[in-house]
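Visitor: Quick one, structure for this:
(chains A and B)
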Protein chains: 2
Amino acid sequence: MNFAPLQNDAFLRACRREHTAHTPVWLMRQAGRYLPEYCATRARAGSFMGLATNVNFATEVTLQPLERYPLDAAILFSDILTVPDAMGLGLSFAQGEGPRFASPVRDEAAVNRLAVPDLDKLRYVFDAVTSIRRALNGRVPLIGFSGSPWTLACYMVEGAGSDDYRLVKSMLYARPDLMHRILAINADAVAAYLNAQIDAGAQAVMVFDSWGGVLADGAFQDFSLAYTQRVLDKLKRTVPAIVFTKGGGAWLEDIAASGADVVGLDWTVNLRRARERVRDRVALQGNLDPMVLFGGEAAVRAEARRVLDDFGAGPGHVFNLGHGINQHTPPEAVTALVDEVHRHSRALRAVK
Amino acid sequence: MNFAPLQNDAFLRACRREHTAHTPVWLMRQAGRYLPEYCATRARAGSFMGLATNVNFATEVTLQPLERYPLDAAILFSDILTVPDAMGLGLSFAQGEGPRFASPVRDEAAVNRLAVPDLDKLRYVFDAVTSIRRALNGRVPLIGFSGSPWTLACYMVEGAGSDDYRLVKSMLYARPDLMHRILAINADAVAAYLNAQIDAGAQAVMVFDSWGGVLADGAFQDFSLAYTQRVLDKLKRTVPAIVFTKGGGAWLEDIAASGADVVGLDWTVNLRRARERVRDRVALQGNLDPMVLFGGEAAVRAEARRVLDDFGAGPGHVFNLGHGINQHTPPEAVTALVDEVHRHSRALRAVK
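Guide: Next up is the predicted model:
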């Protein structure tokens, strides 16, 4: 496919730990409910899945935050659970609730029915990637993504979000053989899914291991990271791969050794210490607490500077939140945040 | 007060990092809903607060798990939120829900009304401590406890549990002066509360910083640990003090330097690495994932051995879960757990 040449490569350069004039910034869930224009499009689409499965709507909302803010990357508008939906588990989003699967995977018979889905069922995602890439017209790079094998398994077994992950962990400890079978299928499906996004035009891919941090030390390595690594091993490595394990700070060295180019961090991790731990093996992405955006402009700017100062002027930092932006965030707080990241990171490089 | 001499001092010796013949074990929330006898007593009491505020009921349920299992410590049956309740915020527990405050602290006027409560309003707690200590008759030591200043503030501002801590973090970032005033009052109240529990007979005290781990690096030190330290500085140090910050693994060295005798850890932390980080400054408590108890006896025993092996045979380990025991836990899983901790820790010492 022929796409317009890239005008702003700061994000891709930072992923490769190359020098940039400023620290690139994008925000997890930047196309989301805190934007009134997103809510308007979603109302027209009728439902979340109506939005995500329609190429025109998905393109429209992906570009909305770029119209407001000089962000350095776009991220595909989609959901982390599209793959198990394509496996036939029946994804839905009830109003005001999280995702729910009609057919959760709770026993050996259900595990036996699982298989890597026909990628044609996910054609709407790849079409959206290509459509967004064309609409971006080279402004900034486009990031594709998927949930991690373990995070998908959490939803597949629990059937919905969970406070304690009792069902999925019961299976993990009582029937590790079943859990490994689910995870192997998920890993192969995620790898194929991300490779198809890369073929469709994604210029980086991100694996969201949103629930890796609920696992015990040891279990994390065996049941989450091993399968994220299986994904990374099968990826076309023509584009950078980002791995984000929420609550995974304890395992930073392990994650950095998985083959990821960039490791995402939540706000509990100090970036200076994180950088000392991984040295120049990977770039780091993060890690402002999204709740800082409720503190008023002075706090937003001060806390953004703190994150930038902790990382320092060296290459290899992609600024982001440590989790998705909250739906109640005042949009003007993001204006201040993006401005401060660009302004202060340029100043840091000047005094270096 | 005169109490019977202590027959099993393994827990207190481990808190002081002295040699013990086996690794002592107790479980957070060991007197709880997973025990049918607890549910029967609670039904008689009518409500959670009816249970917690009645000395006879509180004594009865505190001793119930000791009748079933050879645990090495008892913990006062109470709630972490008794102190803000005594401040007049109106604590209640709706059926099937978590705690709720009738009068949350959301603005400067509400902060101005806060004060260290009259300890007479918490007399029922101190009476329960003395009653339980007498009923234990020296079998095992009794642990008293409180929520940490930050964790109390979370509930006081949010008014209930929260997914994102938006209200309390908004205050923290927008009005740090108000947050510091709440925390200073909480710290002085918690210190007085724990000292009164010690006077009433508590042989160790534990500060539950259940929500310290939701804070950003930097904010944790300033808004949680600094006030836990203020509590520790004011405590009568005649008994060991345990500090448990759920999700606080990143800050282990800081917590170990706070003056705590014992640091509690959740299951994301590897005990061998934790021990290398704190050396002989503090004992460590933890850290089995409570969900292991759903994996069947073989898994329970194997995972208990893994935790014990990670810590090693050296002194200074109190075995516990990394969080409160789940209400759906099969009681027989606890039988296997306590047996394996005692059996395997003796075996570890023999081969040392």
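Visitor: So residue A:263 belongs to a strand, correct?
Guide: Yes: counting by DSSP: H, G, I helix; E, B strand; the rest coil, residue A:263 is part of a strand.
Visitor: That one: neighbouring residues, count only.
Guide: Using other Cβ atoms under 10 Å in any protein chain shown, residue A:263 has 25 neighbouring residues. Where you see a C-beta, it was placed from the backbone N, CA and C, and this is true even at glycine.
Visitor: Which residues does it form beta bridges with?
Guide: Beta bridges link residue A:263 to residue A:243, residue A:284 when assigned by DSSP bridges.
Visitor: The residue of the stretch 251-352 of chain A found nearest chain B: what's it in contact with?
Guide: For the stretch 251-352 of chain A, the residue closest to chain B is residue A:295, as judged by Cβ to the nearest Cβ, at 2.6 Å. Residue A:295 makes contacts with A:303, B:169, B:170, B:172, B:173, B:174, as judged by Cβ atoms under 8 Å, 6 or more residues apart in numbering or on different chains.
Visitor: and if you look at residue A:129?
Guide: By Cβ under 8 Å, 6+ apart, the residues touching residue A:129 are A:76, A:142, A:144, A:197, A:200, A:201, A:202.
Visitor: same thing but at 10 Å, please
Guide: A:55, A:58-59, A:62, A:76, A:78, A:142-144, A:196-203 (Cβ atoms under 10 Å, 6 or more residues apart in numbering or on different chains).
Visitor: pLDDT at the closest residue to it other than its chain neighbours, what is it?
Guide: With Cβ to Cβ, 6 or more residues apart in numbering or on different chains as the criterion, residue A:129 has its nearest non-adjacent residue at 4.0 Å, and that residue is residue A:200. In this prediction, residue A:200 carries a pLDDT score of 98.
Visitor: for the stretch 251-352 of chain A, what spans make up the strands?
Guide: Counting by DSSP state E, counting those that start in this stretch, one finds strands in the stretch 251-352 of chain A at the ranges A:262-264, A:283-288, A:317-321.
Visitor: average pLDDT across the second one?
Guide: Predicted confidence along strand A:283-288 averages 98 (mean pLDDT).
Visitor: Give the other helices and strands that it contacts.
Guide: Applying 3 or more Cβ pairs under 10 Å, 6 or more residues apart in numbering or on different chains; DSSP states H and E, one finds that strand A:283-288 contacts helix A:10-15, strand A:241-245, helix A:252-256, strand A:262-264, helix A:271-278, helix A:297-311, strand A:317-321.
Visitor: sorry, back to before: can I get the contacts of residue A:295 in a markdown table with secondary structure?
Guide: Listed next are these as a markdown table, based on three-state DSSP:
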| residue | secondary structure |
| --- | --- |
| A:303 | helix |
| B:169 | helix |
| B:170 | helix |
| B:172 | helix |
| B:173 | helix |
| B:174 | helix |
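Visitor: and which of those residues is nearest to residue B:207?
Guide: Distance from residue B:207 was checked for each of those by Cβ to Cβ. The minimum falls on residue B:172, at 19.5 Å.
Visitor: count of residues packed around that closest one?
Guide: Per other Cβ under 10 Å, the neighbour tally for residue B:172 reads 29.
Visitor: Please determine how far it is located from residue A:190.
Guide: Using Cβ to Cβ, to the nearest Å, one gets 37 Å for the distance from residue B:172 to residue A:190.
Visitor: May I see the helices and strands packed on strand A:283-288 organised as a markdown table, with distance to residue B:224 added?
Guide: Shown next, in a markdown table, are the helices and strands packed on strand A:283-288 (distance: least, Cβ to Cβ, whole Å):
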| stretch | distance to residue B:224 |
| --- | --- |
| helix A:10-15 | 32 |
| strand A:241-245 | 23 |
| helix A:252-256 | 22 |
| strand A:262-264 | 24 |
| helix A:271-278 | 18 |
| helix A:297-311 | 17 |
| strand A:317-321 | 21 |
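Visitor: and residue A:150, which of those is closest to it?
Guide: strand A:241-245 (9.2 Å).
Visitor: Now residue A:128. Nearest residue, chain neighbours left out?
Guide: Nearest non-adjacent residue to residue A:128, counting by Cβ to Cβ, 6+ apart: residue A:58, 4.1 Å away.
Visitor: Then the one you found would be within a helix, right?
Guide: Yes: judged by three-state DSSP, residue A:58 forms part of a helix.
Visitor: and the gap between it and residue B:208?
Guide: From residue A:58 across to residue B:208, the span is 45 Å (Cβ to Cβ).
Visitor: Got the confidence number for the residue of the stretch 251-352 of chain A closest to chain B?
Guide: Taking residue A:295 on its own, its pLDDT is 98.
Visitor: Where do the strands of the stretch 51-200 of chain A begin and end?
Guide: Using DSSP E, counting those that start in this stretch, strands in the stretch 51-200 of chain A cover A:74-75, A:91-93, A:99-101, A:142-147.
Visitor: can you put these in JSON lines and add distance to chain B, mean neighbour count and mean pLDDT?
Guide: Output for the strands of the stretch 51-200 of chain A, formatted as JSON lines (distance: least, Cβ to the nearest Cβ, whole Å; neighbours: other Cβ atoms under 10 Å in any protein chain shown; pLDDT from 0 to 100):
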{"stretch": "strand A:74-75", "distance to chain B": "21", "mean neighbour count": "24", "mean pLDDT": "98"}
{"stretch": "strand A:91-93", "distance to chain B": "17", "mean neighbour count": "17", "mean pLDDT": "90"}
{"stretch": "strand A:99-101", "distance to chain B": "15", "mean neighbour count": "19", "mean pLDDT": "93"}
{"stretch": "strand A:142-147", "distance to chain B": "19", "mean neighbour count": "25", "mean pLDDT": "98"}
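Visitor: any chance of these in a markdown table, with distance to residue B:91 too?
Guide: As requested, these are exported to a markdown table (distance: least, Cβ to Cβ, whole Å):
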| stretch | distance to residue B:91 |
| --- | --- |
| strand A:74-75 | 43 |
| strand A:91-93 | 35 |
| strand A:99-101 | 33 |
| strand A:142-147 | 38 |
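Visitor: what sits against residue A:270?
Guide: Residue A:270 makes contacts with A:249, A:276, A:287, A:306, A:307, A:310, A:311, B:216, B:217, B:218, B:250, B:251, as judged by Cβ under 10 Å, 6+ apart.
Visitor: Please pick the buried ones from the residues you listed.
Guide: With neighbours counted by 16 or more other Cβ atoms under 10 Å in any protein chain shown, those contain buried members at A:249, A:287, A:306, A:307, A:310, A:311, B:216, B:217, B:250, B:251.
Visitor: pretty sure the third one is touching residue B:222, no?
Guide: What that stands for is residue A:306. No: using Cβ atoms under 10 Å, residue A:306 is not in contact with residue B:222; the gap is 11.6 Å.
Visitor: tell me, what's touching the two both at once?
Guide: Common neighbours of residue A:306 and residue B:222 (criterion: Cβ under 10 Å, 6+ apart): residue B:216.
Visitor: if I pick the closest residue to chain B within the stretch 51-200 of chain A, what's in contact with it?
Guide: Proximity of the stretch 51-200 of chain A to chain B (Cβ to the nearest Cβ) peaks at residue A:173, 2.6 Å away. By Cβ under 10 Å, 6+ apart, the contact set of residue A:173 is A:179, A:216, A:219, B:289, B:291-296, B:298-300, B:302-303.
Visitor: If we ignore the residues flanking it in sequence, what's nearest it?
Guide: Using Cβ to Cβ, 6+ apart, the closest residue to residue A:173 is residue B:295 (2.6 Å).
Visitor: Same check on residue A:326?
Guide: Closest residue to residue A:326 apart from its sequence neighbours, by Cβ to Cβ, 6+ apart: residue A:290 at 5.2 Å.
Visitor: do residue A:170 as well
Guide: Nearest non-adjacent residue to residue A:170 (Cβ to Cβ, 6+ apart): residue B:294, at 4.0 Å.
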